[in-house]
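Undergrad: got a predicted model here, sequence first, then my questions.
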Amino acid sequence: MTGMMLYFALGLMVLTVLSNRYWRRQLTLTRIAMSKLKDKVDDVTKEVADIATDYAQLAQHQADMEKRVQKAEIDMQAAILELDQKKGAPMQRYFVFDRNEPRPGRFWEVAVRFQPTAVSFADQRGYRGWTGIRRFLLVADGERDARDRVAARYPRQAGFEIVEVAGCRLNGLTVNRISELSTFRKPGKPEEEAAAAAARPQRRASPAQS
């Protein structure tokens, strides 16, 4: 009887040791699985945070784009209204002052009024007048230069009066700094200028005569 109890106690102890080792192994595996799951949760949380940040940026970009679209629509309506007003307004003509004389400088707009009743017939001889105000486009170094050149061609003694001198308000007019080209031509690309220079015939120096 005592021997059976001893064998039973020994078997119970061995079973307890095996059970303890099994559950410890299961606990270790569970901890490893929990650690991996925690890493996955952290990765998913980081991805969600990144997606939330991207969504906030896209929402802000969309809001900015909507504001730009609204502003563009307002500008378009204003441009259409201005276009309709300009279509209904009388045509405004500009006269070229230096037609065949390229000059350096910037474009100026000079308004000149002609008053034939302010002078005598003798002072008007040699000058062709007009009715109302004409706006001339010319290239000058400054406002004073533009005023003096126009005043020299259309003097006050002949009934002409300079009303306004201002920078040219026409879009697209630029001054070409190359004196050989036309003043009213936009500067070309360097490749085009090089090709034009190569295409021009070179002048040969004439021999000196004794």
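TA: Structure received.
Undergrad: got the domain ranges for the protein?
TA: 43-77, 94-189 (automatic domain parsing).
Undergrad: and the ones you listed, which is most packed in?
TA: A comparison of these by mean neighbour count, using mean count of other C-beta atoms under 10 Å, puts domain 94-189 on top with a mean of 14. The C-beta positions use only the backbone N, C-alpha and C, and glycine is treated the same way.
Undergrad: Serialize the domains of the chain to JSON lines and add fields for mean pLDDT and distance to Gln85.
TA: Formatted as JSON lines, the domains of the chain follow (pLDDT from 0 to 100; distance: least, C-beta to C-beta, whole Å):
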{"stretch": "domain 43-77", "mean pLDDT": "94", "distance to Gln85": "13"}
{"stretch": "domain 94-189", "mean pLDDT": "75", "distance to Gln85": "16"}
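Undergrad: mind putting these into TSV with distance to Arg31?
TA: As requested, the domains of the chain are exported to TSV (distance: least, C-beta to C-beta, whole Å):
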stretch	distance to Arg31
domain 43-77	19
domain 94-189	72
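Undergrad: between those, which gets nearest to Leu15?
TA: domain 43-77 (41.9 Å; C-beta to C-beta).
Undergrad: list the contacts for Met13?
TA: By C-beta atoms under 8 Å, 6 or more residues apart in numbering, Met13 lies in contact with nothing.
Undergrad: now stretch 129-140 - C-alpha only, PDB.
TA: C-alpha atoms of stretch 129-140 as PDB (Å, rounded to 0.1, in the frame of the first residue of the first chain):
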ATOM      1  CA  GLY A 129      -4.600 118.700 -87.300                       C
ATOM      2  CA  TRP A 130      -7.300 116.400 -86.100                       C
ATOM      3  CA  THR A 131     -10.400 116.400 -84.000                       C
ATOM      4  CA  GLY A 132     -10.200 115.600 -80.300                       C
ATOM      5  CA  ILE A 133      -7.300 113.700 -78.700                       C
ATOM      6  CA  ARG A 134      -4.700 111.400 -80.300                       C
ATOM      7  CA  ARG A 135      -2.600 109.000 -78.400                       C
ATOM      8  CA  PHE A 136       1.000 108.400 -79.700                       C
ATOM      9  CA  LEU A 137       3.300 105.500 -79.000                       C
ATOM     10  CA  LEU A 138       7.000 106.300 -78.900                       C
ATOM     11  CA  VAL A 139      10.200 104.900 -77.300                       C
ATOM     12  CA  ALA A 140      12.100 107.300 -75.100                       C
END
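Undergrad: off-centre distance for that stretch?
TA: Distance, stretch centre to chain centre, for stretch 129-140: 33 Å (C-alpha atoms, centre = their mean, to the nearest Å).
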